[in-house]
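K.L.:
Mind folding the following:
(one chain, ligands or ions: 1)
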Amino acid sequence: MEDAYIIRGGKPLKGTIKLSGAKNVALKAVIAALLFDGVVTLKNIPRIRDIFELLHLIQTLGARAEFTDTNTVLVDSTKLKENKLDFLHASKIRASFMLFAPLLYRFKEASIPNPGGCRIGARPIDRIVNGMKDLGIKVEYNSETGYYKALMDDKPFGDYTFIKSSHTGTELMILLSVFCKDTVTIRNTALEPEIDDLISFLNEGGANIKRIGNDIVIQGVTSLSQKNPYTIVSDRNEAVTFAILGIITKGDVTVEPLSENYLKTFIDVTKKIGGGVEKTGDNSWRFYYKSPLSSLDIVTDPHPGFMTDWQPNWAVLMTQAMGKSLIHERVFENRFSYVDELIKMGAKIEYSSPVVENPESFYIFNYDKNKEHKQAITVYGPQHLHNGVLTIADLRAGATLAIAALFAEGESVINGASILERGYENFVEKITSLGGDIKKV
Ligand code: EPU
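P.N.:
The predicted structure follows:
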């Protein structure tokens, strides 16, 4: 199987990228569509590996879920007949845990394996399980089989407060509450705009979900049905990858369509370091090299902060900024898998340990004081990067190594293309359209 890229770097990338649909909405919207009566049509769904995995998983449950056009997916839960997920397929995608919502509403009982996804930390689901329990759902984990089994005797009700932000957790609680008894209030929810896109999709189908600041209030409805196809938003993580490519290769890349709310923090920070940013249309953003870049310290945060998904790509940009840049990862406990690979290419990066007063509350993951956590790096710039033979360990690290190889002079080999393709649609075609030299082998 072709699973590597050969990249010849050093060319300025120029042109316009039509962004694909957001992976982190597409996965959830396909699952949410199983709560609807009849056929649901979703548009702008990216043809990426995580989506193909999910569609396959849903098909194994008996329901219809398939591409009917390049980026259109049709979902029909009428023939849903299984309430236990296949271990191998379910454990490949983290969002599979959200299937508890449609399965519990259909069968009252369901079994789902401990969720997978990129290994960017332990990624426990304690907050999510506690939330399910607070809504009256019984959940048990069997460590021998690796399955969670849940039982929903009655419609969910009550309220739940997240002790710390959880993006997928907030979404699962919403899906579980759509048909609740009276009202469910979820407090201290995650604020990612992808969650609001999922809410819009559900509300268009008849749900009654309101965001009030950090809280989400759901009034139970009796059914959902779709009147018009729903088009999901663009992928802001993909936007950031191409934006950084435009700047670092001394090129000029426009990404569209994406509204400002999705990119504001990234745009502000890019302007601060001297990167060229220009709004070229209502939802169109141009990123280009304007002047030598200056260093900057960043801390990742849930929305509206600097997204954890952006920091690996950002690290490559900081190898070309003048001075020392600190990147402090607050959300996941293991998101520096790309560091050794960048060092192989000539980057100067060191792990550092910023002093944090109360790490248990500062970090969004479950901080364990008895464990050694490597949560920050210092990137020294500017440094000459050369080609290398590299290996991708997780999705965002994949795009990071591709950026580094497209910037560095010479030919690089990147192994693990399929990991990058979990989340990037038509990556080779898009890079080629900007004048980049990449091929899959
Ligand atoms: N966490 C717990 N317990 C829980 C829930 C979360 O300890 O019950 C921890 C996580 O391990 C993590 C932190 O809390 O350290 C935040 O987790 P969150 O639940 O917010 O993240 P997620 O839902 O697993 C989603 C995206 C990520 C994105 C984050 C932040 C999906 C499928 N994944 O992850 O996307 O980085 O939110 O917005 O939506 C990616 O696309 O590459 C990716 C990893």
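K.L.:
Please identify the helix or strand for residue 37.
P.N.:
Assigned by DSSP states H and E, residue 37 belongs to no helix or strand.
K.L.:
burial count for it?
P.N.:
The tally of other residues near residue 37 (other C-beta atoms under 10 Å) stands at 14. (Each C-beta comes from the backbone N, C-alpha and C, glycine too.)
K.L.:
Tell me the residues of the protein that contact the ligand?
P.N.:
Contacts of the chain with the ligand, taken as C-beta under 6 Å from any ligand atom, map to 23-24, 27, 94-95, 118, 121, 123-128, 165-169, 190, 192, 308-309, 331-332, 364-366, 395-396, 423.
K.L.:
Give me the buried stretch members for stretch 284-293, please.
P.N.:
By 16 or more other C-beta atoms under 10 Å, the buried positions in stretch 284-293 come out as 285, 286, 287, 288, 289, 293.
K.L.:
and the nearest residue to residue 283 once chain neighbours are set aside, how far is that from the ligand?
P.N.:
Sequence neighbours aside, residue 257 is the residue nearest to residue 283 in space, at 3.8 Å (criterion: C-beta to C-beta, 6 or more residues apart in numbering). Distance from residue 257 to the ligand, counting by C-beta to the nearest ligand atom, to the nearest Å: 20 Å.
K.L.:
Got phi/psi on the closest residue to the ligand within the stretch 1-150 of the chain?
P.N.:
The nearest approach of the stretch 1-150 of the chain to the ligand comes at residue 127, 3.2 Å away (C-beta to the nearest ligand atom). Residue 127 adopts backbone torsions of phi -70, psi -40, taken as degrees, to the nearest 10.
K.L.:
Around the residue in the stretch 251-400 of the chain positioned nearest to the ligand, how many other residues sit close by?
P.N.:
For the stretch 251-400 of the chain, the residue closest to the ligand is residue 365, as judged by C-beta to the nearest ligand atom, at 3.1 Å. When neighbours are defined as other C-beta under 10 Å, residue 365 has 20 of them.
K.L.:
ditto for residue 93
P.N.:
That count, for residue 93 with other C-beta under 10 Å as the rule, works out to 22.
K.L.:
show me where pLDDT drops low in the chain?
P.N.:
For the chain, the stretches flagged by pLDDT under 70 are 116-122.
K.L.:
What residue spans form the domains of it?
P.N.:
According to automatic domain parsing, the chain comprises the domains 4-20+234-440, 23-231.
K.L.:
Pull the distance from the longest one to the chain's centre.
P.N.:
Going back to what we said before, that points to domain 4-20+234-440. Remark: domain 4-20+234-440 is offset 14 Å from the chain centroid, using C-alpha atoms, centre = their mean, to the nearest Å.
K.L.:
before we move on, back to that, give me the three-state assignment for the residue of the stretch 251-400 of the chain closest to the ligand.
P.N.:
What DSSP: H, G, I helix; E, B strand; the rest coil gives for residue 365 is coil.
K.L.:
Report the beta-bridge partners for residue 158.
P.N.:
Taking DSSP bridges, one obtains residue 184 as the residues bridged to residue 158.
K.L.:
tally of neighbours for it?
P.N.:
Neighbours of residue 158 under the rule other C-beta under 10 Å: 14.
K.L.:
likewise the one 3 residues further on?
P.N.:
Summarising burial for residue 161: neighbours were counted as other C-beta under 10 Å, giving 15.
K.L.:
show me what contacts the nearest residue to it once chain neighbours are set aside?
P.N.:
Leaving aside its sequence neighbours, residue 161 sits nearest to residue 187 (C-beta to C-beta, 6+ apart; 4.1 Å). Contacts for residue 187 (C-beta atoms under 8 Å, 6 or more residues apart in numbering) come out as 159, 160, 161, 162, 214, 215.
K.L.:
One more: residue 325?
P.N.:
Residues near residue 325 by C-beta under 8 Å, 6+ apart: 295, 296, 297, 298, 318, 378, 379, 381.
K.L.:
now the residues you listed: which count as buried?
P.N.:
295, 296, 298, 318, 378, 379, 381.
K.L.:
Skip the chain neighbours and tell me the closest residue to residue 300.
P.N.:
Leaving out its chain neighbours, the residue that sits closest to residue 300 by C-beta to C-beta, 6+ apart is residue 308, at 4.2 Å.
K.L.:
I figured that neighbour was touching residue 332, is that so?
P.N.:
Yes. Here residue 308 lies in contact with residue 332, judged by C-beta atoms under 8 Å, at a distance of 5.7 Å.
K.L.:
Neighbour count: these two, which is higher?
P.N.:
Taking neighbours as other C-beta under 10 Å, residue 308 and residue 332 compare with residue 332 leading, 23 against 18.
K.L.:
Now do the SS call for the more buried one.
P.N.:
Looking at residue 332 with three-state DSSP, the answer is coil.
K.L.:
Quick check: it vs residue 374, distance?
P.N.:
11 Å (C-beta to C-beta, to the nearest Å).
K.L.:
ok, now residue 363?
P.N.:
Taken as C-beta to C-beta, the span from residue 363 to residue 374 is 12 Å.
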